[in-house]
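1. missing the sequence, but the structure's below:
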């Protein structure tokens, strides 16, 4: 059987008008206060992670919008059509009016003329994204319902095609995750899982070879804290905590519970930090 070919699109370009956050009210990652995050800064790395995930799962891929420039829409869907791709996946981040507000959540877009296959693909990917990010489920929508216009890469592709919106650029909390590599990678993996379910292909998870440096505490990066939270959940099945990448009170409680289960004396650090011994122990869980 021939391998499936997936066309991946990282919508827009760095200079596309309007496709950016409002000025950031504080420094965040490499952005100074008053600077903006461009949508492409989420779309591009997430699409590239998706291509890595799809390749690992045995798919062939074509990137129809590599680089940072805004590739004409006609070039994108024509490349996918000429390659006879089996699916078209476009990665995006949403916006309401360009002003900080409370609008939030995830939605997946299909053409108003979409086939039942496009709708099914959208439903499966949408479910995986909502499950992964634990954000408001805004559902599957047609392009007309969402933006009152036909979206060319959905309208003129010859294969099932979807466009995902993983959050809102003008919601500060959701905007803050746009530059987070852990969020980008998780988004790509969730998208890949949905594609695998649609095509009936086994999802192959990435080999776990990452072990964070000690100590893990409130100042650690999100990847290290997520690793800690995920492994504490495995160790404490009766007390699972949200995997948020933030070292909060629930993480501290879970760490104390794990220490108690191991008979350790934590009277001095009381759960504020996971040292090398704890990390080494959790790698065996």
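-> Cool, got the structure. Keep in mind it's a predicted model, so treat the numbers as computed, not measured.
2. which non-adjacent residue is nearest residue 92?
-> With sequence-adjacent residues excluded and distances taken as CB to CB, 6 or more residues apart in numbering, residue 92 is closest to residue 11, at 4.7 Å. For glycine as for every other residue, the C-beta is placed from the backbone atoms N, C-alpha and C.
3. any idea how far residue 238 is from residue 232?
-> Separation of residue 238 from residue 232 (CB to CB, to the nearest Å): 12 Å.
4. and residue 81, by the same measure?
-> 48 Å.
5. same check on residue 28?
-> 27 Å.
6. neighbour-wise, which of these two wins?
-> residue 232 (24 against 18; other CB atoms under 10 Å).
7. so what pLDDT did that one get?
-> Note for residue 232: predicted pLDDT of 92.
8. check residue 130 too.
-> 98.
9. what sits against the closest residue in space to it that isn't next to it in sequence?
-> Ranked by CB to CB, 6+ apart and with sequence neighbours excluded, the top spatial neighbour of residue 130 is residue 137, at 4.5 Å. Going by CB atoms under 8 Å, 6 or more residues apart in numbering, residue 137 touches 105-106, 126, 130.
10. residue 203 now?
-> So residue 203 contacts 57, 192-193, 196-197 (CB under 8 Å, 6+ apart).
11. which phi and psi does the residue most central in space within the chain have?
-> Compute the mean C-alpha point of the chain, and by CA atoms, centre = their mean the closest residue is residue 187, 1.8 Å away. Per-residue torsions, residue 187: phi -60, psi -40 (degrees, to the nearest 10).
12. how near is it to residue 278?
-> 29 Å.
13. same thing with residue 212?
-> Residue 212 sits 11 Å away from residue 278, taking CB to CB as the criterion.
14. looking at those two, which one has more neighbours?
-> residue 278 (23 against 19).
15. shouldn't the more buried one be within a helix?
-> Yes - assessed by DSSP: H, G, I helix; E, B strand; the rest coil, residue 278 belongs to a helix.
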